[in-house]
Every structure is written in C-alpha cells, then in structure tokens.
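Asker: Got a sequence here, can you model it:
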Amino acid sequence: MEIDNRYIRFDWAVKRLLRDKANFSVLEGLVTVLLNEPVKIIEILESEGNQESEEDKFNRVDIKAKNQRGEIIIVEVQLTRELHYLERILYGVSKAINEHIQLGNKYDQVKKVYSISIVYFDLGKGSDYLYHGTTQFFGVHSKDQLKMTNRESGVIRMKTPDEIFPEYFIIRVNEFNNVAKTPLEEWIDYLKNGHIKDDTTTPGLSEARQKLLYLSMSKEERIAYDRHISAVMVQNDVLSTAKLEGLEEGRAQGREEGRKEGEAETAKSIAKEMKSGGLEIEQIAKFTGLSLDIIETL
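Answerer: Sure thing, here's the model as predicted:
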C-alpha cells in the first residue's frame with residue numbers, strides 16, 4: 001500500500017479516533033454490516049475499556065446505539081487478546097449490562113447487548129473467519145422453542161430468549177484469506193490487511209477512507225501510532241516465539257514419553273519371556289525394574 005493511502009489499524013482507531021462523534025459513521029458501518037440492519041450510534045459509553053494509556057490492558061469499547069425499530073441496544077466491541085477469551089467475553093458482556101442500568105430500575109430496562117470480538121491471534125479450531133452465537137431454549141423432549149410473554153405499552157407479545165439475551169460475534173481476522181466481494185468481506189479485509197477499495201460503498205468504509213488516513217494524523221499522533229505498531233509486532237513476535245518453543249518442548253516431551261513407553265514395553269516383553277522360562281518373580285523384578293504386581297499380571 002502506498003504511504004499516502006495507508007490506513008490506521010482498527011484496534012488503534014476504535015480506542016482513539018472513532019470515539020469522536022464526528023467519526024461515529026465508521027463504527028456504525030461495522031455494526032450495520034454485522035447486524036444486517038441500519039444502526040445509529042447515540043454515544044460511546046464510558047467503561048473500564050475506554051482508556052487511552054499504553055498500559056491499558058482492557059480492549060473494550062461500549063457503544064449505545066439505536067436500531068431501525070427505535071430500540072436501544074448496547075454494542076460491546078472487544079479487541080480480545082486474552083488466553084481465557086470466552087470467559088473474558090462473558091465478563092465483558094456482564095459488565096456492559098451491569099454498568100448501564102441504574103440501581104432500582106426494573107429489569108425491563110436491561111438492554112440487549114451485542115458483543116463483537118475482533119481477534120487478531122490464533123483462536124481455537126474452526127475454518128470460518130466469523131462466528132455468531134445466540135441464546136435459545138429448546139424442549140428436551142418436545143424440541144419446541146421456548147417463548148416468553150411480555151407486556152409492552154399495554155400490548156402482550158411473545159419474545160424468544162435470543163431477542164433479550166446477548167448476541168455474540170467473533171471475528172477471527174487471521175482466518176480471512178478471501179478476495180473481498182461482499183460488504184462483510186470488505187470490512188474483514190480492512191481489519192486484517194488495512195485495505196479499503198477506492199470505490200467502496202460498504203457502510204463505514206467510505207468514511208474510513210477519509211477519516212483513518214495515516215498522513216491525516218498530527219506528527220505526535222503518528223509517533224504514538226508507530227510506537228503502538230512496534231509494540232504489537234514485538235508482542236506478536238514474543239507470542240510466536242513462545243508458541244514455537246512450546247511446540248518444540250512438546251515434541252521433546254513426546255519423544256521422551258515415547259522412549260519411556262517403548263522401554264517399558266520392552267521390559268514387559270523380557271519379563272514375560274523370563275517368567276515363561278521359570279525364573280523367580282523377584283529375580284525378574286531386579287533385572288527389568290518392573291514391580292512385582294506388574295510381573296504377576298503378565
């Protein structure tokens with residue numbers, strides 16, 4: 001990518017630039033593409049994740065938004081870099097719900113949370129780059145889906161749990177290797193490679209082309225950003241090195257375990273031959289190193 005067409009990484013932008021109301025349209029585009037419905041951001045909520053220091057270990061931004069039906073929703077964006085990622089996602093969603101309901105409010109004030117985790121590291125097993133999860137209840141015997149009765153504005157209507165319970169999106173950036181053809185793929189291409197098509201019409205990305213240019217930052221911002229990129233590269237290198245060392249250590253352990261298992265099987269084979277030849281068990285144990293109990297079972 002040419003330097004004059006270089007775009008800022010999303011993990012930096014979402015915590016520094018996109019919290020500005022003038023830049024909401026970029027985040028709105030990502031959420032709109034994922035939820036497949038127009039979403040309008042009302043405000044960025046202050047939470048433990050909205051910190052700007054280099055030592056900040058929380059990668060979480062909470063967004064208060066309104067969908068096309070006028071419903072208020074909470075969107076939690078996590079740039080997850082945690083070992084126990086599922087627990088971290090659950091914790092973040094719980095915090096989002098708890099932090100944004102006032103003490104004494106009725107439970108009908110609980111807002112639905114959409115958790116969006118953008119993962120820039122290897123994560124579990126699976127071939128897809130996007131996973132989506134909802135909560136639904138099905139009868140153990142009847143297999144029917146449970147629906148709940150709710151009274152809203154004097155009208156009784158049925159709701160399914162997935163309309164209330166949190167909804168989860170996990171974007172595994174490293175697993176995306178496609179040519180970007182759909183709006184979703186264009187977004188993932190930007191998240192992974194920093195690519196934005198010149199003629200893009202994807203929600204949020206046309207705005208990102210204007211707002212997230214590297215050269216549009218001040219000198220101080222560019223220095224801070226370059227320092228951040230260097231820190232990410234060092235972190236990734238450390239993680240990769242640790243992973244390779246772990247694999248090599250595992251292989252070494254495997255070889256050692258295999259050698260020990262082979263020696264044990266050889267000892268048993270020798271002991272069996274000695275036993276069939278009439279040698280005393282005590283003598284066999286002394287020669288092979290096997291216990292008397294093991295020898296007796298041969």
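Asker: Tell me which stretches of the stretch 151-298 of the chain form strands.
Answerer: In the stretch 151-298 of the chain, the segments counted as strands under DSSP state E, counting those that start in this stretch are 155-159, 167-172.
Asker: Restricting to C-alpha, output the last one in PDB.
Answerer: It stands for strand 167-172. Taking Å, rounded to 0.1, in the frame of the first residue of the first chain, the C-alpha atoms of strand 167-172 are listed here in PDB:
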ATOM      1  CA  GLU A 167     -25.700 -12.000  20.900                       C
ATOM      2  CA  TYR A 168     -22.100 -12.700  20.100                       C
ATOM      3  CA  PHE A 169     -19.900 -12.200  17.000                       C
ATOM      4  CA  ILE A 170     -16.300 -13.400  17.000                       C
ATOM      5  CA  ILE A 171     -14.300 -12.200  14.000                       C
ATOM      6  CA  ARG A 172     -11.200 -14.300  13.600                       C
END
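Asker: do you know how far the closest residue to residue 171 other than its chain neighbours is from residue 21?
Answerer: Using CB to CB, 6 or more residues apart in numbering and skipping residues adjacent in sequence, the residue nearest residue 171 is residue 118, 4.9 Å away. Where C-beta positions appear, they are placed from N, C-alpha and C, glycine not excepted. Residue 118 sits at a distance of 22 Å from residue 21 (criterion: CB to CB, to the nearest Å).
Asker: who's more crowded, those two?
Answerer: Set residue 118 next to residue 21 and count neighbours by other CB atoms under 10 Å: residue 118 wins out with 21 against 11.
Asker: Assign the more buried one to helix, strand or coil.
Answerer: With DSSP: H, G, I helix; E, B strand; the rest coil as the basis, residue 118 sits in strand.
Asker: my read: it touches residue 77, true?
Answerer: Yes: Residue 118 lies in contact with residue 77 (CB atoms under 8 Å); the separation is 7.0 Å.
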